[in-house]
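Engineer: No sequence on hand, only this structure:
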């Protein structure tokens, strides 16, 4: 039986308010954020001090008055700007980074680190959110502005980090503990320093503005390609909201990559990687050596499942504001509930709540999922030769059977393992009809006639294999190492029919939040 060639593209204890921060805050902070996602495990104080001096400093809290009360945990404001001063001409052309920067925030994320250091809650804030700026002096022109409405990202253009922080605090009621700023250069350096990240998409993604052009499946991306992915907002009608979802997927993938790459355990590699990244980062003076040194021990237990992602709830369609343009307004009730949960240090997902199941496995347990892989905490790997097991309650006649992975995200090549003419096409058509991403080009098997229908799969994609096998009752699961993301169905003489399947609804918190392992590649 022919084996498809391998390519880089593969289808388918609480802290009291005002108390000095504990060292483990720095660990969770850096692990979660796309800039300081590396740890300082085993690195000496002198090394970290030299890294600290490379961070650009800003003072976003200067003379700030009437700030919200500090709650439990730590809150960071992560902003991504469109700064491109250090981008090479080749990169400008290749990744469509031409034009003049707006000197505004391209991305705004509010990151909450729980008081026990075990949970990171990431809330994406739409950059087009309707905001009202107070009377202030323009940070660039020195012009005095009266109170006026704007899109939230304009706060940075008019008043820099200081006005951005004060506006976010006033809108959310959440006190910001630290400020971190990333531009295009630091973003690309971060991804490249880690050796790239894997991003998956169940459908084609194309944006002529950024040059993004992805086919369905899993893709290995370098820094420039990842930047195209997180910047794209002209793919469909979801616009900026769709882009925020992709940014969350990217951040989860980056966390997964950092915690599984081995960089944290290699002092030389750590210094090399960190020096490259921190040279393009800006932060408040409170984020320094102590926080970097604190990345050592606890970071090694962090994983995508330790994080949760959501966006600010909106109040329906966009609203056009005279002199401002199209803006989005927050749901007045749900958004207040969300930010109250952050202030009170409460989880946003059911997994992290009181009824949460087993904690995430620690690295070294042999069960950590890598990028795009599926075996891990709470997931039973299918064993070679196992028949499909009926783990679900009996479904009503005619209903689709629930599966863990969306059929559209599973790439399938069908082979006819019998002498029955047209069987391969029949199965390909039926699987395609129920949603699977089949090749639409079934092949004949070059092996002996098959009595039983077999699903061949790479062990890294075991959940996809189980989901496919659910559509082929009685089929046998057979693991094949290094096969890749494309699953193979070899039709046997026992084949009768394809059973319709549907994706099982992913558990979400009351704010639509999902944990990081639910948004990385399936």
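Structural biologist: Right, received. Where do you want to start? Predicted model, so just to flag it, every value in this text is computed and none were measured.
Engineer: Check what pLDDT residue 106 gets.
Structural biologist: Residue 106 is assigned 79 on the pLDDT scale.
Engineer: same check, this time on residue 78
Structural biologist: pLDDT recorded at residue 78 is 89.
Engineer: Can you name the residues that contact the closest residue to it other than its chain neighbours?
Structural biologist: Closest residue to residue 78 apart from its sequence neighbours, by CB to CB, 6 or more residues apart in numbering: residue 109 at 4.4 Å. For the C-beta atoms, the positions are set from N, CA and C on the backbone; glycine is no exception. If you count contacts by CB atoms under 8 Å, 6 or more residues apart in numbering, residue 109 has them with 77-79, 122-125, 247, 251.
Engineer: Find the helix or strand that residue 224 is a member of.
Structural biologist: Using DSSP states H and E, residue 224 falls within helix 223-231.
Engineer: tell me which residues in the following helix or strand past that helix are buried?
Structural biologist: Sequence-wise, the next helix or strand downstream of helix 223-231 (DSSP H and E) is helix 239-260. Residues 239, 241-244, 246-260 are the ones in helix 239-260 that count as buried (16 or more other CB atoms under 10 Å).
Engineer: do stretch 121-133 as well
Structural biologist: Judged by neighbour count using 16+ other CB under 10 Å, the buried positions of stretch 121-133 are 121-131, 133.
Engineer: cool, and stretch 141-152?
Structural biologist: Quick answer for stretch 141-152 (16+ other CB under 10 Å): 145, 150-152.
Engineer: from those residues, which single one is nearest residue 327?
Structural biologist: Within the buried residues of stretch 141-152, proximity to residue 327 (CB to CB) peaks at residue 151, which comes in at 5.6 Å.
Engineer: Now do the residue nearest to the closest one when sequence neighbours are not counted, the pLDDT please.
Structural biologist: Nearest residue to residue 151 in three dimensions, chain neighbours excluded: residue 128, at 4.9 Å (CB to CB, 6+ apart). Looking at residue 128, its pLDDT is 90.
Engineer: re the thing from before, as a markdown table, the buried residues of stretch 141-152 with secondary structure would be great.
Structural biologist: Converted to a markdown table, these look like this (DSSP: H, G, I helix; E, B strand; the rest coil):
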| residue | secondary structure |
| --- | --- |
| 145 | strand |
| 150 | strand |
| 151 | strand |
| 152 | coil |
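Engineer: what about residue 188, how many residues close to it?
Structural biologist: 23 (other CB atoms under 10 Å).
Engineer: and what of residue 113?
Structural biologist: Neighbours around residue 113, by other CB under 10 Å: 26.
Engineer: swap in residue 195?
Structural biologist: Neighbourhood size, residue 195 [other CB under 10 Å]: 13.
Engineer: Kindly report the same for residue 135.
Structural biologist: Residues lying near residue 135 (other CB under 10 Å) number 9.
Engineer: for it, what are its contacts?
Structural biologist: Residue 135 neighbours (CB under 8 Å, 6+ apart): 144-147.
Engineer: Just the strands from the stretch 1-150 of the chain, written as ranges.
Structural biologist: For the stretch 1-150 of the chain, the strands defined by DSSP state E, counting those that start in this stretch occupy 9-11, 56-58, 74-81, 105-113, 120-124, 130-133, 136-137, 144-145, 148-151.
Engineer: Next, the angle strand 74-81 makes with the longest one.
Structural biologist: Just to be clear, that refers to strand 105-113. 160 degrees (axes from the mean of the first three to the mean of the last three CA atoms, to 10 degrees).
Engineer: What mean pLDDT does stretch 336-353 get?
Structural biologist: 86.
Engineer: swap that for stretch 201-209, please
Structural biologist: Rounded mean pLDDT across stretch 201-209 is 81.
Engineer: Show the end-to-end separation of that stretch, please.
Structural biologist: By CA to CA, to the nearest Å, the extent of stretch 201-209 from end to end equals 19 Å.
Engineer: If we go by neighbour counts, what in that stretch is buried?
Structural biologist: In stretch 201-209, residues buried by neighbour count (16+ other CB under 10 Å) are 201-202, 205, 207.
Engineer: same thing with stretch 221-230?
Structural biologist: Those buried within stretch 221-230 under the rule 16+ other CB under 10 Å are 221, 223-230.
Engineer: So what are the sheet partners of the helix or strand hosting residue 489 and their directions?
Structural biologist: Assigned by DSSP H and E, residue 489 belongs to strand 487-491. Within its sheet, and counting by DSSP bridges, strand 487-491 is paired with strand 411-416 (parallel), strand 454-457 (antiparallel).
Engineer: could those go into TSV alongside distance to residue 483, mean neighbour count and mean pLDDT?
Structural biologist: Listed next are the strands paired with strand 487-491 as TSV, based on distance: least, CB to CB, whole Å; neighbours: other CB atoms under 10 Å; pLDDT from 0 to 100:
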stretch	distance to residue 483	mean neighbour count	mean pLDDT
strand 411-416	10	24	96
strand 454-457	6	24	96
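Engineer: Could you export those strands as JSON lines, including distance to residue 234?
Structural biologist: As requested, these are exported to JSON lines (distance: least, CB to CB, whole Å):
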{"stretch": "strand 411-416", "distance to residue 234": "26"}
{"stretch": "strand 454-457", "distance to residue 234": "36"}
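Engineer: so which of the ones you listed comes closest to residue 431?
Structural biologist: Using CB to CB as the measure, strand 411-416 is the one of the strands paired with strand 487-491 that comes nearest residue 431, at 5.9 Å.
Engineer: just to revisit the earlier point, out of the strands of the stretch 1-150 of the chain, nearest to residue 165?
Structural biologist: With CB to CB as the criterion, residue 165 lies closest to strand 74-81 of those, at 6.0 Å.
Engineer: all strands of the stretch 401-522 of the chain, in order?
Structural biologist: Ranges of strands in the stretch 401-522 of the chain, per DSSP E, counting those that start in this stretch, are 401-403, 411-416, 437-438, 443-444, 454-457, 476-479, 487-491, 501-503, 514-515.
Engineer: Of these, which is nearest residue 235?
Structural biologist: strand 437-438 (18.5 Å).
Engineer: Report the strands that pair with the closest one, each with its relative direction.
Structural biologist: By DSSP bridges, strand 437-438 pairs with strand 411-416 (parallel).
Engineer: who are the neighbours in contact with the nearest residue to residue 473 once chain neighbours are set aside?
Structural biologist: Distance criterion CB to CB, 6+ apart; nearest residue to residue 473, sequence neighbours excluded, is residue 499 at 5.7 Å. If you count contacts by CB under 8 Å, 6+ apart, residue 499 has them with 401, 434, 470-473.
Engineer: Go again with 7 Å.
Structural biologist: 401, 470-471, 473 (CB atoms under 7 Å, 6 or more residues apart in numbering).
Engineer: Can you give me every residue that contacts the residue lying closest to residue 494 once chain neighbours are set aside?
Structural biologist: Nearest non-adjacent residue to residue 494, counting by CB to CB, 6+ apart: residue 452, 5.4 Å away. For residue 452, the contact set (CB under 7 Å, 6+ apart) comprises 476, 492, 494.
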